[in-house]
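A.B. asks: Only the shape, not the letters, is given here:
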Ligand code: HEM
């Protein structure tokens, strides 16, 4: 009897083990052929999930609402583009640490290709603060890029503004890249080609001036163009710098640096107008620390702490690059238990992440004091706070941008008192945003400034 049962067991094992193997291999091949994509909203033929983004909300808000329903990692079909949207600090951390290398290429957008030399780059009267702030941030970048005399400043500013307003959100030509005539039909290509041509002319004049200066042996304080020209002259085979690289990198500074810093200053001023006790506290600190001083210098700013908290809170609630810059997936990756196919566009929703109620108390409220004890920084180590992105492709202009924002805000708050014109109350201030090259206020910020004598 015992023998019978043990031979039965052996025979069963001989038959069952290969069968189990076969089933397991079948399941694996099914899994490989049918990847486990993240969940997402229902799709229509041709446009995919685009109709879910067609309401009045801006993409970063619309995507946050969808994420509340479909989870922190969701799949969207944006026209021809297969995209994965990340909306939680936990998933952002996994993506920007464990898988950072695989996601460190940028998604290629047609509008940017035209402007950036085909990716040869590496962005007591009513007083329109918006224009002044923009002009200031542009001046600062002009000086760093083109030098003290800053020849191209006047020609450059309108071009930078025009490009900033002509891009943003999801462009139809980027969503259907195989339809080659789309940029021509939408008029975008013609518009961008014209703009690119004008920018190119101005840059040629500026670079020629710099080359002339170098030829004459005039070596003053080096600006960005000088440094890039020096690299070009010394260029080795493995580190070749072309003229298009010089123009592309110079443009990066303007497009990546001007709109973002200007938007941050404007959002901060608007938030402080909306929350007058915050403005009073920031002014009190500055006026106490710098009492009697005529001018605040960048080096003085280490002495203030509350203003830094105000800037952090502004960047948390109103990140100027709310969807970061899209990345591309290099090869198959498994993130948060889901499969991501190669070439998927990865969108990190910094707005949703910075306001995640699981990580932030009173997440929607403007409360700079939350940073007093928290030690949370935006340098890419706290994944619940990523206004400058994270991982290898994090913003390289963070110190430059912050110094510009801090210095301008410190001067505005130290020297002036601010209020809304025409008896408007702080509750009346409209905070609607639009998305261009950076997110910014929809309406220009008009404020009345009165001089403060310290
Ligand atoms: C408050 C000001 C600024 C904010 C909020 C900001 C934010 C960002 C963000 C979110 C990204 C994308 C990062 C990612 O995908 O992980 C980025 C990229 C970039 N930023 Fe900034 N930025 C600011 C100022 C500047 C300035 C002043 C410059 C240059 C002078 C600059 C140059 C760049 C460049 C070149 C990139 C592309 C980096 C790459 O692709 O590797 N940014 N920035």
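C.D. replies: That came in fine, so what should we check first? No experiment lies behind these values; they were computed from the predicted model shown. Numbering: from 1, shown residues only.
A.B. asks: Tell me how far the helix or strand where residue 194 lies lies from the chain's centre.
C.D. replies: Assessed by DSSP states H and E, residue 194 sits inside helix 188-215. Its chain's C-alpha centre and that of helix 188-215 lie 25 Å apart, by CA atoms, centre = their mean, to the nearest Å.
A.B. asks: Then stretch 394-407?
C.D. replies: Centre-to-centre, stretch 394-407 and its host chain are 13 Å apart (CA atoms, centre = their mean).
A.B. asks: And what about the closest residue to residue 450 other than its chain neighbours, helix, strand or coil?
C.D. replies: Spatial nearest neighbour of residue 450, excluding adjacent residues (CB to CB, 6 or more residues apart in numbering): residue 417 at 4.9 Å. (C-beta placed from N, C-alpha, C; glycine too.) Following DSSP: H, G, I helix; E, B strand; the rest coil, we place residue 417 in the strand state.
A.B. asks: Packing partners of the helix holding residue 194?
C.D. replies: helix 110-115, helix 153-166, helix 182-186, helix 224-234, helix 243-274 (3 or more CB pairs under 8 Å, 6 or more residues apart in numbering; DSSP states H and E).
A.B. asks: Run through the residues that contact the nearest residue to residue 144 once chain neighbours are set aside.
C.D. replies: Spatial nearest neighbour of residue 144, chain neighbours left out: residue 224 (6.0 Å); criterion: CB to CB, 6+ apart. By CB atoms under 8 Å, 6 or more residues apart in numbering, the contact list for residue 224 reads 144, 145, 146, 249, 250, 253.
A.B. asks: tell me the centre residue of this protein?
C.D. replies: Centroid check for the chain by CA atoms, centre = their mean gives residue 321 as the closest residue, at 3.0 Å.
A.B. asks: Quick one: name the residues of this protein near the ligand.
C.D. replies: 106, 122-123, 252-253, 256-257, 260-261, 264, 320-321, 324-325, 387-390, 393-397, 400-401, 405 (CB under 6 Å from any ligand atom).
A.B. asks: rerun that using 5 Å as the cut-off
C.D. replies: Neighbours of the ligand within the chain, by CB under 5 Å from any ligand atom: 252-253, 256-257, 260-261, 264, 320-321, 324-325, 387-389, 393-395, 397, 400-401.
A.B. asks: Quick one: the helices and strands packed on helix 188-215 as CSV, columns for mean pLDDT too.
C.D. replies: Formatted as CSV, the helices and strands packed on helix 188-215 follow (pLDDT from 0 to 100):
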stretch, mean pLDDT
helix 110-115, 64
helix 153-166, 77
helix 182-186, 78
helix 224-234, 87
helix 243-274, 91
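A.B. asks: Show me what stretch 90-106 is in contact with.
C.D. replies: In contact with stretch 90-106 (CB under 8 Å, 6+ apart) are residues 72-73, 86, 325-331, 333, 335-336, 346, 348, 353, 380, 383, 386, 390-393.
A.B. asks: Which positions within that stretch qualify as buried?
C.D. replies: By neighbour count on 16 or more other CB atoms under 10 Å, the buried set for stretch 90-106 is 90, 91, 92, 93, 94, 95, 96, 99, 100, 102, 103.
A.B. asks: Low-confidence ranges, this protein, go.
C.D. replies: Scanning the chain for pLDDT under 70 picks out 1-33, 108-127, 149-153, 166-169, 236-238, 454.
A.B. asks: do that again at 50, thanks
C.D. replies: Scanning the chain for pLDDT under 50 picks out 1-18, 20-31, 123-125.
A.B. asks: what about the residue nearest to residue 144, distance to residue 134?
C.D. replies: Distance, residue 224 to residue 134, using CB to CB, to the nearest Å: 20 Å.
A.B. asks: Next: residue 338.
C.D. replies: Counting by CB to CB, the gap from residue 338 to residue 134 is 41 Å.
A.B. asks: more crowded one of the two?
C.D. replies: In this view residue 338 and residue 134 are compared by other CB atoms under 10 Å, and residue 134 has more residues nearby, 24 against 18.
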